[in-house]
Structures are given as structure tokens and as C-alpha cells.
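Trainee: Fold the following, please.
(chains A and B)
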Amino acid sequence: MTRNALLEIRDLHATVEGQEILRGIDLTVRAGEVHAIMGPNGSGKSTLAQVLAGHPAYVVTAGSARYEGKDLLAMTPEERAREGVFLAFQYPVAIRGITNAYFLRAAVNAIRKHRGEEQLGPVEFMDALEEKLKVIGWDDSYLSRPVNEGFSGGEKKRNEILQLAVLEPKLAILDETDSGLDIDALKTVAQTVQKLRRPDNATVIVTHYYRILTHIQPDVVHVLSAGRIVKSGGKELALELEEKGYDWIREAAPVA
Amino acid sequence: MMEPYVKDFQAFASNGAAGAPPWLREIREGAIARFAALGFPTMKQEAWRFTSVAPIAEQHFTLAPPLVSRLPSPAVVESLALGLGPRIVVVDGRYAPGLSSLAGLPEGVQATSLAAATRAGPGGELARRHLARYAPWQDNAFAALNTAFLADGAFVHIAADTALAQPLEILFLATSGAGGGAADGPAVSHPRSLFVVERGARAALIESYASLADGVQWTNAVTETVVGEAARVELYRVQREGRNAYHIATTQSRQERDSYLALHALTLGGSLARHDITTVLDGPGAELILNGLYLLGGSQHADHHTVIDHAQPHCASHEFFNGVLAERSHGVFNGRIIVRPGAQRTDSKQTNNNLLLSTEARADSQPQLEIYADDVKCTHGSTVGPLDQTALYYLRSRGLSPETARSLVTYGFAAEILGRMQRPDVRERLDGLVRAGLA
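Mentor: As a prediction, the model looks like this:
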């Protein structure tokens, strides 16, 4: 295993409804790193994110994904979450009738229980939450609202980032968290992610656009095309994509 | 089988009920005639196409006798009451003074038996002015039968500008099947309630229906509520009768100018339940919240038919009904909204969401909008479906177990309705009943 690898993906293939979307992904993410995965629509970016989180509709047909040396693909979605994997959803789901506060505390306590830590009561939890809310620029009115229900697109994305801040995962995957955000919201999201960077955690930013990467400096940029990583490089690669678009990548892609 | 009830009525009219004032006797006579003419509804009628009342119509329920000898013990009553304030207890349709506790009601609040309120005197005048003036006994056979046998129940009057700080609970207990003797056949009771909340008054009222036994029993209730100008009322209604209970109810309200009524209906019990709720917004600026939940399992069947009648301009109504249906249960929701000519600037919203927890559970949802004014805002939406797999996955991706995720999404359907209840004390009690029902 690669030294310090938090996530190690080898030749990963996955299908959705019988159609192969991922066709041999290789990716290594080390603790302390920020990776950006870019690519045109339909290249498999979101599929990769969902496969790593354990979406039941995605079937892995070949390859492996190891997280902290363990077989990630053998774990249920909840086990992955409890072990420190977090996916910020591209389309966060509304849960009617369940308040954000209740949901967040249930998630925190599920993870604490897994770690053998004490459960937080409502009052302790609210105290701990205060500072996280400040980070994303929210007041506690969002906590008494049902999860994502009636939230605007931007509010849903911020709510994902609030969960990220509260759950403090080791491996965070942000699936197009930047799309549909205005510039202020984008800055808030980026600043929050920056603040949460630590030597022992890692972030994978899945995005279509360059602009979030002007606020979060990635260590490695990958380009995904037709289910494979066709190019990897430093942050200058993202800039190149911004200038030239994705067409030159498609042309440069190796022929299967 | 209407004839036995007509016969029972003759006995009732000549015996126990003979002491009633002439105006009331006249109403009863008219009502039994309407019942005889209407007969029990059948599934051929549009309003009954999803609900068969054959189990009721095909047997004869004797009129529950006055049960001085079979009154439940105070401990039993305590266990069934929400117990958050003063209470009226009605047993098999009869006011039970020994079980009621009405100490400490503020001045201007009258809470008593309907029988007492219909007697002569100044109180009787109020009952005469309002009783049977709103409930549709001319058109609804069950309301007609209740009105024919109208004898007792609860009467609450809140004088103008009076505030009732604690919620007033009216607990209706059905005892049929609790005696165990040969004479203890299926019985019916016809509890009747009248709530009059005058101008500028504020009150929270709780109607709670429960059974003392799992025997075959039929409760046929009618409640009329009048909300005066600028009055604010929260009316909670909980039905958690036994597993062999038939529960038929008519809830009728009339709101005057600038009044506010929140009507919360929670249906948990009975094998067959039908609840007709009709609310009339009869003064400009009136606002209504109609908020209901049915939580069914086994082979339970519950049918809610609601009518919101916008008779005047500048009124708002927001209706939310959720159903959680397990096993072979069947939920029916019909929501009719009428906007009368001239009821301009009406703002009306209706939603009905049904969660099917088994493939054998069934929900029928029908909105019915009748709009006769042009400057109105009316929306409606309804859903019927199983647990949302995407929602379950989302919760699991945050570390929750599949079991926790399922129970959370299910509870959310109920919590959404509970969340609109404004009194934390009542909400907490009803939340407890809901959680017990989901467990």
C-alpha cells in the first residue's frame, strides 16, 4: 500500500442500470491532500463520488477501493460514514418533519457511538453547534427547519457544508458543491473547507468549474473522461482546462 | 337497517328525553325523519365510494344505557386523559360529573354537560341559538342520527375577551364490551358537543375519544364549534378507540371575521373510522389551519372528508393531512375547497401525503376544488408512496443505521403534523401517542 494513503482506488469499474460508467479508475489520496476531479458532464465524476459513499444503485463490477487500508467497497454506507467518509451530495435530500438539529445530532451520535464515545444530549450538542454555524454564516433558525425542506439550492449546499463541519470526516468528497452557488456562498463554502484542512484528513472536490479552485488550492488535479482519469497534474492543469475547455482532453484521451 | 333505530327513537323520545324543551324535541323529530329518508350511505354514493359502512348498517346497535353502575374508576380515567388542565368526562355520550374536574376555570368560562345547557334559563338560550344550526344533519345520515338522539355531551362557552390559559380537555369514553354480560351487546352512543367561543376570546380545547374495552362499539359523534370575531381557538381532536370500534364523526366549525382556528385531528384507533370535517370561513379576514394525521395498521380503515368553505373574502386556509399506513390498512382523504362567489383574495393551500409501509396498504387521495371567484390563490398537492429510498440512503450516508433511517423518515410524516401544534404541552402528549403507535 502507498505510504500515508487514505484512499487507494485501483482499476475501479462501476455500472448504473447495466451501463458501465466507470471504466478503470486509479486514484491515490494521501492524508493532508486536496484533490480536484474535473471533467465534462457524463464523464463519471458523480458516479465515482456515489460509489465511494455506497449508493445502492451503483454496482462495482471490477477493481478495488481501500480506505485506511480497509476494503471500502465491502462496507455499508453507514459504516463508511462512521469510519470518517463524508459525501456532500450534489442534490441533497429533503427529510420531511425531521429538524436539521435532530438530524445533525443523530448523525454525530451515530459516529460517536461507533467510536465508543459518549452520546451528546440536545443542550450539549447545541453548544457545540454554535461555533460551526458561525463558520458558515448561519443563525440557528436553520436548525429548527426540516432537513433541506423548502431550502434554496444555495441553502442546501451550505447545509451539506454545515454537516461537513459538524461531522469532521477524515475523507470528504464534495460532489459539485460549487454549482449553483453565488459568489458569496462559494467563498463561504471554500473558506469552510480550507479551515477544516488538517494534516490527517483529505478532501476530494468533484467539480465542473475552475472557480472554486481559486479559493481552495488543490494539490492534485485530475481530469476524468469517459470513466477514466486521463490526465493528472498540479493546479495549473485546472487553469488550462478553464482556458481550453474539455475538448482537447477528449482528443488526448487514450484509445481503449 | 334503519327501522330499529326509528323504533329506538320512539322509545327514547317518550322516556328519558321527554323532558327536553320543545325546540329541541322539534329538532330531534326532524332529524329522525331525515335519517329515515337518507338511510345508511352506500359505496354507490360519491362521498362514500371508498368506505363501506356495511359493518355498522348490517347489525343493530342498541342505545348505550345510562351507566351509573358501570362508571369507570377515576384511575382508569386518569390513565386515558391527557391531564393537562380541567376536564369534562363523557361516558357513552353522558356527562359524568363525578369524573370531571372543572375547578379553577376563569370567570366567563362555562364548561358543563350539554343536557344542562339545553335546559331552560339563560344558558339554555345559548344552546338554542347554536345547537344543530351548523352540523349538516339534513344531508348526512350519521349527523341526523346523532341529532335525533341528541341528549348529552359537552357544552363549552367562553365569554368575549376571556382567555383560557390551560387547555380544556373533553374525554369521551366508550364502554360497550367492558361489562361482559349477556346484555352487553354492541351499543352506540351519540356524544354531542357545542363549543362557543365569543369575540376576542382565546382557548385551546381537546376532544379525546377512547375505549374502555375492545368490544364491538359504535361512537357517532357530532361537534359544533363557533369562533367569534377575532377569537383564537386551537381545537385538538384525538381518536384512539379500541380495535373493534366504529367511529363516525362530524366536526363542524363556523368562523367569524378576523378569527383564527387551528383544528388538529389525530386518528389512531378504531377498525372503521369516518370523520367529516366542515369548516366555514364566514367573516372576512378569518384564518384556518386544518392539520391532520392518520396512523393506521392491521386492517384499520380511516376516511377523512374535509370541506373548507370560503364564504367571505380575504380569508386564508392551510390544510395539511398526512397518512402513515402499515400492514393492510386503508386511508382515504378527500379535501374539498369551495371558494364562493365574492370570496376574493382567498388564499388556500391543501396537501395530503401518504406513506405506505407495506405493499398491502392503500391510500386514496382526492382533492376537490370548486372556485367561483377569480382573484384567489388556491394550491393543492397529494402524494402516495413507499419510503423514499433516496432519503434512506442520505441518512445512512450520515452514519444512521437502516432501521434508524426508516423510523426517522416514517416519524417525519407524523412530526410534520405535530410540529404545527402550538401548545408544547399538548404536542408532547400527542407525540407520545404517535411514537407508541409507530413502535
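Trainee: Give me the distance between the helix or strand containing B:T250 and the centre of its chain.
Mentor: Here B:T250 sits within strand B:245-255, counting by DSSP states H and E. In terms of Cα atoms, centre = their mean, to the nearest Å, the centre of strand B:245-255 is found 4 Å from the chain centre.
Trainee: Next secondary structure element downstream of that strand?
Mentor: Once strand B:245-255 ends, the next helix or strand along the chain (criterion: DSSP H and E) is strand B:260-267.
Trainee: Output the contacting helices and strands for the strand holding B:T250.
Mentor: Judged by 3 or more Cβ pairs under 8 Å, 6 or more residues apart in numbering or on different chains; DSSP states H and E, strand B:245-255 is in contact with helix B:54-57, helix B:141-148, strand B:202-211, strand B:217-227, strand B:232-240, strand B:260-267, strand B:272-281. In this view, the C-beta of every residue, glycine as well, is placed from N, C-alpha and C.
Trainee: quick one, whatever helix or strand B:I170 lives in and strand B:232-240 angle?
Mentor: B:I170 belongs to strand B:168-174 when assigned by DSSP H and E. Orientation check (axes from the mean of the first three to the mean of the last three Cα atoms, to 10 degrees): strand B:168-174 against strand B:232-240 gives 20 degrees.
Trainee: what does the average pLDDT come to for strand B:168-174?
Mentor: Per-residue pLDDT over strand B:168-174 has a mean of 97.
Trainee: Would you give the sheet partners of that strand, along with the direction of each?
Mentor: strand B:87-91 (parallel), strand B:202-211 (parallel) (DSSP bridges).
Trainee: so can I have TSV of those showing mean pLDDT and mean neighbour count?
Mentor: TSV is the format used below for those (pLDDT from 0 to 100; neighbours: other Cβ atoms under 10 Å in any protein chain shown):
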stretch	mean pLDDT	mean neighbour count
strand B:87-91	96	25
strand B:202-211	97	23
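Trainee: ok, back up a step: distance to A:A110 for the helices and strands packed on strand B:245-255 - can I get that in JSON lines?
Mentor: Output for the helices and strands packed on strand B:245-255, formatted as JSON lines (distance: least, Cβ to Cβ, whole Å):
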{"stretch": "helix B:54-57", "distance to A:A110": "46"}
{"stretch": "helix B:141-148", "distance to A:A110": "49"}
{"stretch": "strand B:202-211", "distance to A:A110": "36"}
{"stretch": "strand B:217-227", "distance to A:A110": "44"}
{"stretch": "strand B:232-240", "distance to A:A110": "32"}
{"stretch": "strand B:260-267", "distance to A:A110": "30"}
{"stretch": "strand B:272-281", "distance to A:A110": "37"}
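Trainee: Show me where the stretch 151-256 of chain A has its strands.
Mentor: A:171-175, A:202-207, A:220-225, A:228-233 (DSSP state E, counting those that start in this stretch).
Trainee: any chance of those strands in JSON lines, with distance to B:A174, mean neighbour count and mean pLDDT too?
Mentor: JSON lines is the format used below for the strands of the stretch 151-256 of chain A (distance: least, Cβ to Cβ, whole Å; neighbours: other Cβ atoms under 10 Å in any protein chain shown; pLDDT from 0 to 100):
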{"stretch": "strand A:171-175", "distance to B:A174": "56", "mean neighbour count": "25", "mean pLDDT": "97"}
{"stretch": "strand A:202-207", "distance to B:A174": "60", "mean neighbour count": "24", "mean pLDDT": "96"}
{"stretch": "strand A:220-225", "distance to B:A174": "67", "mean neighbour count": "23", "mean pLDDT": "95"}
{"stretch": "strand A:228-233", "distance to B:A174": "70", "mean neighbour count": "17", "mean pLDDT": "94"}
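Trainee: Which of these sits closest to A:G69?
Mentor: Evaluated with Cβ to Cβ, the strands of the stretch 151-256 of chain A place strand A:171-175 nearest to A:G69, the distance being 12.9 Å.
Trainee: Enumerate the positions of stretch B:1-11 that are buried.
Mentor: Neighbour-count burial for stretch B:1-11, counted by 16 or more other Cβ atoms under 10 Å in any protein chain shown, picks out B:2, B:5, B:8-9.
Trainee: List just the nearest of those residues to chain A.
Mentor: B:Y5 (42.5 Å; Cβ to the nearest Cβ).
Trainee: phi, psi of the closest one?
Mentor: For B:Y5, the backbone dihedrals are phi -70, psi -30 (criterion: degrees, to the nearest 10).
Trainee: circling back: what's the angle between the strand holding B:I170 and strand B:245-255?
Mentor: Going by the same axes, to 10 degrees, strand B:168-174 makes 150 degrees with strand B:245-255.
Trainee: CA-only coordinates of stretch B:340-348 in CSV, if you can.
Mentor: Written as CSV, here are the backbone C-alpha positions of stretch B:340-348 (Å, rounded to 0.1, in the frame of the first residue of the first chain):
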residue,chain,number,x,y,z
ARG,B,340,-67.9,31.2,-3.0
PRO,B,341,-68.6,34.0,-5.5
GLY,B,342,-67.3,37.2,-3.9
ALA,B,343,-64.8,35.4,-1.7
GLN,B,344,-62.0,37.4,-3.4
ARG,B,345,-58.4,37.3,-2.2
THR,B,346,-58.9,33.8,-0.8
ASP,B,347,-55.6,32.1,0.0
SER,B,348,-56.0,28.4,0.2
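Trainee: any residues touching that stretch, and which ones?
Mentor: Here stretch B:340-348 makes contact (Cβ atoms under 8 Å, 6 or more residues apart in numbering or on different chains) with B:308-319, B:337, B:339, B:372-379.
Trainee: now the helices for the stretch 1-150 of chain B?
Mentor: Taking DSSP state H, counting those that start in this stretch as the criterion, the stretch 1-150 of chain B contains helices spanning B:3-14, B:22-38, B:54-57, B:74-80, B:114-117, B:122-130, B:141-148.
Trainee: JSON lines please, covering those and showing mean pLDDT and distance to chain A.
Mentor: Below are the helices of the stretch 1-150 of chain B laid out as JSON lines (pLDDT from 0 to 100; distance: least, Cβ to the nearest Cβ, whole Å):
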{"stretch": "helix B:3-14", "mean pLDDT": "92", "distance to chain A": "43"}
{"stretch": "helix B:22-38", "mean pLDDT": "95", "distance to chain A": "40"}
{"stretch": "helix B:54-57", "mean pLDDT": "96", "distance to chain A": "33"}
{"stretch": "helix B:74-80", "mean pLDDT": "94", "distance to chain A": "27"}
{"stretch": "helix B:114-117", "mean pLDDT": "92", "distance to chain A": "37"}
{"stretch": "helix B:122-130", "mean pLDDT": "84", "distance to chain A": "37"}
{"stretch": "helix B:141-148", "mean pLDDT": "98", "distance to chain A": "32"}
